[in-house]
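Chemist: structural data only, the sequence is not supplied:
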């Protein structure tokens, strides 16, 4: 039986994009059911001068567009939009902040390009991004992406895993089962090492 999870993403993060490819593998083989949700690196890092050069605010339009996509076509469409947007930003190197990048990604996944314009026209879309981000942080003290929340978004949460490339189908499932176990183990807090693999299409971001 597939485990329902909520995957919080900021489309600017290339490592989150790579982890999203892994959870899509898991969904394809029936291990998980994904509810896609937002996280804002701009909000979580506000006031930290050393991170200003990362310009996390470039995600604003895309994050706001997630809200109009969800309203128009549901949660599954959010996943399709993120997949199409990530391909343009992290593989084709198109600028995330450009309205045309967002519009083209919408078209790529069969959605109306006008959803990007509706997101801008509706001031409430940013407030909804903030609310979704802050609700996660308040409940789980999450601090970055990818963040995966078990039990469809009501269970324990974990940052990561940060991976360099999608694993083999066998390793994908094995990795998930270890991650899920650790996420549920309340005594576990942190496990980390230096990044040892940087895929070619992420090299300029690391």
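Modeler: Alright, I've got the coordinates. The model shown is predicted, which means the values in this text are computed figures rather than measured ones. Residues are numbered from 1 along each chain as shown.

Chemist: which residues does the helix or strand of the chain with the lowest mean pLDDT contact?
Modeler: Least confident element among the helices and strands of the chain, by mean pLDDT, DSSP states H and E: helix 41-44 (a mean of 94). Contact with helix 41-44 is made by 10, 12-13, 54, 56-57, 59-60, 130, 133-134, 137, 143-145, as judged by CB atoms under 8 Å, 6 or more residues apart in numbering. In short, each C-beta sits where N, CA and C put it, glycine included.

Chemist: check which element follows that helix along the chain.
Modeler: Later in the chain than helix 41-44, the nearest helix or strand by DSSP states H and E is helix 60-73.

Chemist: what's the offset of that next one from the middle of its chain?
Modeler: 13 Å (CA atoms, centre = their mean, to the nearest Å).

Chemist: likewise stretch 164-181?
Modeler: For stretch 164-181, the distance to the chain centre is 17 Å (CA atoms, centre = their mean).

Chemist: in that stretch, which residues are buried?
Modeler: 166-167, 172-173, 175-176, 179-180 (16 or more other CB atoms under 10 Å).

Chemist: closest to residue 198 out of these?
Modeler: Using CB to CB, residue 166 comes nearest to residue 198 of the buried residues of stretch 164-181, at 14.2 Å.

Chemist: so the nearest residue to the closest one once chain neighbours are set aside is in which element?
Modeler: Once flanking residues are discounted, residue 166 sits nearest to residue 21: 4.7 Å by CB to CB, 6 or more residues apart in numbering. Following DSSP H and E, the helix or strand that holds residue 21 is helix 14-28.

Chemist: what is that helix packed up against?
Modeler: Counting contacts by 3 or more CB pairs under 8 Å, 6 or more residues apart in numbering; DSSP states H and E, helix 14-28 is packed against strand 3-9, strand 32-38, helix 75-86, helix 169-184.

Chemist: so which of those gets nearest residue 100?
Modeler: Taking CB to CB, helix 75-86 is the member of those nearest to residue 100, at 12.0 Å.

Chemist: next, count neighbours for the residue nearest to residue 166.
Modeler: The local packing of residue 21 (other CB atoms under 10 Å) involves 16 other residues.

Chemist: again, but for residue 121
Modeler: Residue 121: 10 surrounding residues under other CB under 10 Å.

Chemist: state the phi and psi torsions of it.
Modeler: phi -70, psi -20 (degrees, to the nearest 10).

Chemist: any idea how far the residue nearest to residue 166 lies from residue 108?
Modeler: Applying CB to CB, to the nearest Å, the value for residue 21 to residue 108 is 16 Å.

Chemist: likewise for residue 118?
Modeler: Using CB to CB, we find residue 118 at a distance of 18 Å from residue 108.

Chemist: circling back: make a markdown table from the helices and strands packed on helix 14-28 and add mean pLDDT and distance to residue 191 to it.
Modeler: Formatted as a markdown table, the helices and strands packed on helix 14-28 follow (pLDDT from 0 to 100; distance: least, CB to CB, whole Å):
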| stretch | mean pLDDT | distance to residue 191 |
| --- | --- | --- |
| strand 3-9 | 98 | 19 |
| strand 32-38 | 98 | 21 |
| helix 75-86 | 98 | 26 |
| helix 169-184 | 96 | 8 |
